[in-house]
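Q: Kindly generate the corresponding structure for this input.
(one chain, ligands or ions: 1)
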Amino acid sequence: MNWPELADKYIMPMASRRQAITLVRGQGVRLWDDAGKEYLDLVGGWAVCTLGHCHPVLVKAITEQAQTLMHISNQFYSIPQTRLAELLVKSSCFAKAFFCNSGAEANEGMVKLARKYGKLKLGGAYEVITALNSFHGRTLAMVAATGQPKYQEAFTPLTPGFVHVEFNNPQAIKKAATNNTCAVMLEPIQGEGGVNIPDDGYFQEVRAFCDERGLLLMFDEVQTGLGRTGSLFAYEQLGLEPDVIALAKGLAGGFPVGAFLAKAHCAVLAPGDHASTYGGNPLACAAAVAVLNYTLERNLPQHAKEVGSHFLARLQALKERFPFIQETRGRGLLLALQFKEDLADAVQEACTRRGLLVNRLRPSALRFMPPLIITREEVDEGVDTLEKALAEVGRK
Ligand SMILES: *Cc1c(COP(=O)(O)O)cnc(C)c1O
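A: Predicted coordinates:
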C-alpha cells in the first residue's frame, strides 16, 4: 500500500509533509516506518512524547483506565482529574486547574479568564498584549493572538482584542498598554517563532510592569512546560511567577490533553463560563498523571537540562567545523541550529535518509525537541548522524 498517495487523496493537505514517511511503530526514542526502516527521533511528536514512544508506564496507565472508565460528563467528579489537578497545583505556583484537549484550547480559556478578570477588576479592560513572532494556536481567536501574519492573512477579519509588540522589548509592552489592557500573554521561549530566548531581565521588567498596572501576566507554556527546558515549568528559571499558565503538548506524553492553571486571585471563571465535553476526561487525566508522576520521580527536567547542555555543546562544536552554521541556541531539550543560508530542507533530507528525524523550523533553521528520556549516548548518535548530513550538504 502506498500510504502517502492514499492519504493525500482523502486528507485535506494541511500538514506540510515534505517527507513521504509513514511511521507505524515506536519504542523509546526510536520509530519505524512501514518498510521497517528505523529512525532516531529528535522531533518527539513535536515536543509531545516526553517519555518517548509507547513507554510502559504510560501504556499501563491508559490500558488500566480504559478498562475502568474512559469518559464521563463533567457534571460528575472524576478521580483522575482530581489527582491531576492536585499534582499540577502542588508542583507549581498556581491554585486551580482547568482541563481541555489542546494547546490552542488552553490558550483560548486563558484569554477568556483574562477578559472576565478585566470585566470584574479592571473596569472592562479586554485587550491582551502578545508578542510578534509568537505562536498560540490555530483557532480563530488564537490566530489573532499569534503575532505572525502568515497564520492570519487567509482568515481575516481577525478576532479583535489582541495587540502585538516586539518580543524581548519591555518598553514596547509599556507603550502598547492602555486602559483597555487586561493581560500580557507571552511564551517564556518562543518555540514556533524560532526558539527565541529573551535577554535576562526582560520578564522581570514585564512582571514589574504588570504588577504596577494590575495586569495579568499569562505564560503560554504549551511547548516549554513539563520539563522541556530543564525545569518542570520554564517560568521557574526566571525567578518570577506568572498569574496564569497554559499547558498541553508534553502534559500526557502523547495523549491529547491541555490545561490552564491560575493563581487564586485571578481564578475568576465560574460555573457556566467555560467548558469542554472531553476536557479532563478520566482517560486523558490518567495518562497525564502517569506522565507527570514519572517526570517528577525520575527528575526528567534535570535530566533534560543535563542532556540538553551536552546536546547544545555538541551543536556548538559543529559550528566550528561548518562555516555555514550561523548560530546554535536553546534551553534543555528545546534547541535550534541556525544556518546562514536556506539549507534546512537539504540537511533534513540527508538526516532522514540516514535514519534521523529532525524538525525543519524554517528554511534556514532546524529544531530539536526529542523525548526527555533521551540519553547522552543517543544524543551523540544523533549528532554524529547530523554531522555526516551537514558534511554531505556542505560538499554540494
Ligand atoms: C503547539 C503550540 C500551541 C498550540 O497547541 P495545539 O495543541 O496544536 O493547539 C500553542 N502555543 C504554543 C507555544 C505551542 O507550541
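
Q: how much space between W46 and Q190?
A: In this structure, W46 and Q190 are 15 Å apart, going by C-beta to C-beta, to the nearest Å. Glycine gets a C-beta too; all of them are placed from N, C-alpha and C.

Q: Those residues of the stretch 51-200 of the chain touching the ligand, which are they?
A: Applying C-beta under 6 Å from any ligand atom, we find that the stretch 51-200 of the chain lies next to the ligand at 102-104, 107, 135-137, 187, 191-192.

Q: Neighbour-wise, give me the winner out of those.
A: Using other C-beta atoms under 10 Å as the contact criterion, the top neighbour count among these goes to H136, which has 32 neighbours.

Q: part of a strand, is that residue?
A: No - under the criterion used here (DSSP: H, G, I helix; E, B strand; the rest coil), H136 is coil, not part of a strand.

Q: re the thing from before, farthest-separated two in the residues of the stretch 51-200 of the chain next to the ligand?
A: Distance extremes for those: the farthest pair is S102 and E187 at 15.9 Å, using C-beta to C-beta.

Q: related to what we said a few turns ago, more crowded one of W46 and Q190?
A: Of the pair W46 and Q190, Q190 is the one with more neighbours under other C-beta under 10 Å, namely 23 against 13.

Q: With adjacent residues omitted, what lies nearest to that one?
A: With C-beta to C-beta, 6 or more residues apart in numbering as the measure, N196 is the residue that lies nearest to Q190, at 4.0 Å, once sequence neighbours are left out.

Q: who's in contact with that neighbour?
A: By C-beta atoms under 8 Å, 6 or more residues apart in numbering, the contact list for N196 reads 133, 167-168, 189-190, 329.

Q: how about a cut-off of 10 Å?
A: Under the criterion of C-beta atoms under 10 Å, 6 or more residues apart in numbering, the neighbours of N196 are 131, 133-134, 167-168, 187, 189-190, 329, 336.

Q: just L247 next, same as before
A: 88, 92, 97, 99-100, 103, 106, 219-226, 233, 257-261, 288.

Q: so how far is L51 from the residue in the stretch 1-150 of the chain that the ligand sits nearest to?
A: Of the residues in the stretch 1-150 of the chain, the one nearest the ligand is G103, at a distance of 2.2 Å by C-beta to the nearest ligand atom. For G103, the distance to L51 equals 19 Å [C-beta to C-beta].

Q: Count the residues that sit near the residue of the stretch 251-396 of the chain found nearest the ligand.
A: Closest residue of the stretch 251-396 of the chain to the ligand, C-beta to the nearest ligand atom: G258 (6.3 Å). Burial measure for G258: 29 neighbouring residues, criterion other C-beta under 10 Å.

Q: So it is in contact with T139, correct?
A: No - the pair G258 and T139 does not pass the contact test of C-beta atoms under 10 Å, sitting 11.7 Å apart.

Q: ok, back up a step: just the pLDDT at the residue of the stretch 1-150 of the chain closest to the ligand, thanks.
A: Per-residue pLDDT puts G103 at 98.

Q: now the helices for the protein?
A: Read by DSSP state H, the chain holds these helices, from start to end of the chain: 3-10, 44-47, 56-68, 79-90, 103-121, 140-145, 170-176, 202-213, 282-297, 300-321, 344-353, 376-395.

Q: List the contacts of the fourth one.
A: When contacts are taken as C-beta under 10 Å, 6+ apart, the neighbours of helix 79-90 outside the stretch itself are 61, 65, 68-69, 72, 74, 78, 94-99, 226, 232-233, 245, 247, 251-252, 257, 259, 261, 279-293, 295-296.

Q: Could you list the domains of this protein?
A: When the chain is parsed into structural domains using automatic domain parsing, the resulting residue ranges are 69-297, 300-329.

Q: looking at it, the residue of the stretch 1-150 of the chain closest to the ligand is touching A246, isn't it?
A: Yes - checked against C-beta under 10 Å, the pair G103 and A246 is within contact range at 6.7 Å.

Q: Could you name every residue contacting both of those two?
A: Counting by C-beta under 10 Å, 6+ apart, the contacts common to G103 and A246 are 136-137, 220-222, 225, 258-259.

Q: and which of these is nearest A15?
A: Here the nearest of the shared contacts of G103 and A246 to A15, counting by C-beta to C-beta, is G137; it sits at 15.3 Å.

Q: got a list of what the closest residue in space to the closest one that isn't next to it in sequence touches?
A: Counting by C-beta to C-beta, 6+ apart, the nearest residue to G137 once its immediate chain neighbours are dropped is A104, at 2.6 Å. With contacts defined as C-beta under 10 Å, 6+ apart, A104 is in contact with 135-143, 145-146, 222, 246, 248, 258.

Q: Return the distance of A104 relative to T146.
A: 10 Å.

Q: do the same with L6
A: The spacing between L6 and T146, counted by C-beta to C-beta, is 32 Å.

Q: what stretches of the protein score poorly on pLDDT?
A: Along the chain, no part satisfies pLDDT under 70.

Q: Report the central residue of the chain.
A: Q223 (1.4 Å; C-alpha atoms, centre = their mean).

Q: Would you agree it is in contact with F233?
A: No - the pair Q223 and F233 fails to qualify as a contact (C-beta under 10 Å) at a distance of 11.7 Å.

Q: Overlap in contacts, these two.
A: Counting by C-beta under 10 Å, 6+ apart, the residues touching both Q223 and F233 are 188, 247.

Q: ok, back up a step: higher neighbour count, L6 and T146?
A: Looking at L6 and T146 with other C-beta under 10 Å, you find the greater number of neighbours at T146, namely 28 against 11.

Q: hang on, isn't that one packed against H136?
A: Yes - shown here, T146 and H136 form a contact pair, counting by C-beta under 10 Å, at 4.9 Å.
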